[in-house]
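> Need coordinates for the below:
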Amino acid sequence: MRLFKGLGGRLQSIFLRSKEAKPLRPMVELFKHEGHTYYRFPKEMNLPLERFSMSMGLMERISSGLSGSEMERILEGMEKALSAGLSNPKNAAVVAGYIHVIRERQDTVIHRDLLLNLAACWVVRSDEDVAVVDPDIHSKKLELFEAMCKEASHDFFTRLDIDPLMPLLTMSADTFQNLWEYNVEAQRNLTKALTHLDSHLDNGRKK
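Now for the predicted structure:
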């Protein structure tokens, strides 16, 4: 029994090492970083269902110019205003302000966080399940991609060759960089605007 147990352990170790070293096929290799290889899906290959669903959700968010957390914050603010009573002109003005924010953000060309999340969805790390989005690995990819974007955001996304983003990347690197920086500032302004609206909610209690 000990012989088989020891042999099984050695075989398992060899299998795991070979599995880690084996490239993800038929994935397209993009780059290596700190012991991990990063791949994208080839153009002729459909995304697995979970990644496809996440990708579609992110594309919808990109068109609205709001991330999920930003939209949730707006909805929560509107719900609080409704609960406090719209007969109060101050609360009605707060709701109108939230609506204005939503409409204004629809004109945003790119959203930094959403683009990074889309990249993390389409790019698979060598120790990641191709069919499943691992939250921990996804988060680590976001950190890495954000750092890489600080050097050259246009070049980073171009290298990934993600189909849904290619129309956006036909613009020049300088134009894309200007839009990238503009939208980073727009996200900061959005946070300030929502904080300002939250502070103007009148729930009838003295502050």
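
> Just give the nearest non-adjacent residue to the residue most central in space within the chain, would you?
Centroid-nearest residue in the chain: Asn117, 1.9 Å away (criterion: CA atoms, centre = their mean). Computed as CB to CB, 6 or more residues apart in numbering, the closest residue to Asn117 that is not its neighbour in sequence is Leu58, at 5.6 Å. The way it works is simple: take the backbone N, C-alpha and C, and place the C-beta from them, glycine included.

> What is the burial count for that neighbour?
As a burial measure, Leu58 scores 24 neighbours (other CB atoms under 10 Å).

> List the contacts of it.
For Leu58, the contact set (CB atoms under 8 Å, 6 or more residues apart in numbering) comprises 114, 117-118, 121.

> if I read this right, Leu116 contacts Lys150, doesn't it?
No. Using CB atoms under 8 Å, Leu116 makes no contact with Lys150, being 11.5 Å away.

> circling back to that earlier point, closest one of the contacts of Leu58 to Val133?
Lowest distance from Val133 to these (CB to CB) belongs to Cys121, with 6.6 Å.

> Before we go further, the closest one is sitting in a strand, right?
No. Secondary structure of Cys121 (DSSP: H, G, I helix; E, B strand; the rest coil): helix, not part of a strand.

> Is it in contact with Arg51, as I believe?
Yes. Cys121 is within contact range of Arg51, at 5.5 Å (criterion: CB under 8 Å).

> More neighbours: these two, which one.
Between Cys121 and Arg51, counted using other CB under 10 Å, the more crowded position is Cys121 (22 against 18).

> Could you check how far the more buried one is from Leu179?
Computed as CB to CB, to the nearest Å, the Cys121 to Leu179 distance reads 21 Å.

> Point out where this structure drops to low pLDDT.
By pLDDT under 70, the weakly predicted segments of the chain are 1-25, 107-109, 203-207.

> please redo it, this time with the cut-off set to 50
1-21, 206-207 (pLDDT under 50).
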